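J.: take this sequence and fold it.
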Amino acid sequence: MPSVFDVLGHDHQEVKLMLTELEKGPVAGAGAGDSALALRKKMTEQLVIEESRHEAAEEMYFWPAVRDHVPDGERLAGTANAQEQQGKEVLHRLDKLDAADPEFEQLVAAFIQAGRDHIGFEETQVWPLLRAALTTEQADDLGGKLQAAKKAAPTRPHPHTPGSPAVLKTAGPAVAAADRARDAASGRGE
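T.: Numbers count the residues shown, from 1 in each chain. So this is what the prediction gives:
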């Protein structure tokens, strides 16, 4: 079973690749055509889906583990949750826009910077402390919980839903089912 650091590290690598692709991709302001903009919109949809799942899983299991096992974990988790909340708000707005909309690129740029900052915060400030605090078995158990949570997590950001682990564990599956139904009906994420 992969450890928490393997699961999150894989997610972070995928997100970094998506951010790089979005950063260098064609934009409406530079004369990108309809097909290039449609592809750009699909790329952002995939980013939104993956980030929504990732953050929900972290809020359910990772940040509670940080709070429980790491000295000053409450402060670290609070900082990260504030970063994640800002990210959810940006992705929520971005998900509703067409790639030709001028605000679309502003939000993409904002998320690219915020995403990189957040990943850096987790990997350099939080992971070393949690790695030192967990046994191999605890890290593996947490990795398994994260993998399972991601499969059942919402596919859209819900910035107005409390990031409480209890709320996410109880209401999350219903919200995720509604998200998937909307995705299937609209073709989002295909």
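
J.: ok, and the helix or strand in this protein with the lowest average confidence?
T.: helix 165-186 (a mean of 59; mean pLDDT, DSSP states H and E).

J.: can you give me the helices in the chain?
T.: Here the chain has its helices, by DSSP state H, at 4-24, 34-57, 63-69, 73-95, 102-121, 127-133, 136-151, 165-186.

J.: give me the most central residue, the chain.
T.: residue 51 (2.2 Å; C-alpha atoms, centre = their mean).

J.: hmm, that residue is touching residue 91, no?
T.: Yes. Between residue 51 and residue 91 there is a contact at 6.0 Å, judged by C-beta atoms under 8 Å. (Each C-beta comes from the backbone N, C-alpha and C, glycine too.)

J.: what about this protein, any weak spots by pLDDT?
T.: 28-30, 157-186, 188-190 (pLDDT under 70).

J.: quick one: furthest residue from the center of this protein?
T.: The chain, C-alpha atoms, centre = their mean, max distance from centroid: residue 31 (29.7 Å).

J.: now, of the helices of the chain, which is deepest in the fold?
T.: A comparison of these by mean neighbour count, using mean count of other C-beta atoms under 10 Å, puts helix 34-57 on top with a mean of 20.

J.: quick one, that one and helix 73-95 angle?
T.: Put simply, helix 34-57 runs at 150 degrees to helix 73-95, going by axes from the mean of the first three to the mean of the last three C-alpha atoms, to 10 degrees.

J.: just the CA atoms of helix 34-57, as PDB, please.
T.: Output of helix 34-57 as PDB, limited to C-alpha atoms (Å, rounded to 0.1, in the frame of the first residue of the first chain):
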ATOM      1  CA  ASP A  34     -11.700  27.900 -31.000                       C
ATOM      2  CA  SER A  35     -10.300  24.300 -30.900                       C
ATOM      3  CA  ALA A  36      -7.300  25.400 -28.900                       C
ATOM      4  CA  LEU A  37      -9.500  27.200 -26.500                       C
ATOM      5  CA  ALA A  38     -11.800  24.200 -26.200                       C
ATOM      6  CA  LEU A  39      -8.800  22.100 -25.300                       C
ATOM      7  CA  ARG A  40      -7.700  24.700 -22.800                       C
ATOM      8  CA  LYS A  41     -11.100  24.600 -21.200                       C
ATOM      9  CA  LYS A  42     -11.000  20.800 -21.000                       C
ATOM     10  CA  MET A  43      -7.600  21.000 -19.300                       C
ATOM     11  CA  THR A  44      -8.900  23.300 -16.700                       C
ATOM     12  CA  GLU A  45     -11.900  21.100 -16.100                       C
ATOM     13  CA  GLN A  46      -9.600  18.200 -15.500                       C
ATOM     14  CA  LEU A  47      -7.500  20.300 -13.100                       C
ATOM     15  CA  VAL A  48     -10.700  21.300 -11.200                       C
ATOM     16  CA  ILE A  49     -11.800  17.700 -10.900                       C
ATOM     17  CA  GLU A  50      -8.400  16.400  -9.700                       C
ATOM     18  CA  GLU A  51      -7.900  19.300  -7.300                       C
ATOM     19  CA  SER A  52     -11.400  19.000  -5.900                       C
ATOM     20  CA  ARG A  53     -10.900  15.300  -5.200                       C
ATOM     21  CA  HIS A  54      -7.400  15.900  -3.800                       C
ATOM     22  CA  GLU A  55      -8.400  18.700  -1.400                       C
ATOM     23  CA  ALA A  56     -11.500  16.900  -0.100                       C
ATOM     24  CA  ALA A  57      -9.400  13.800   0.700                       C
END
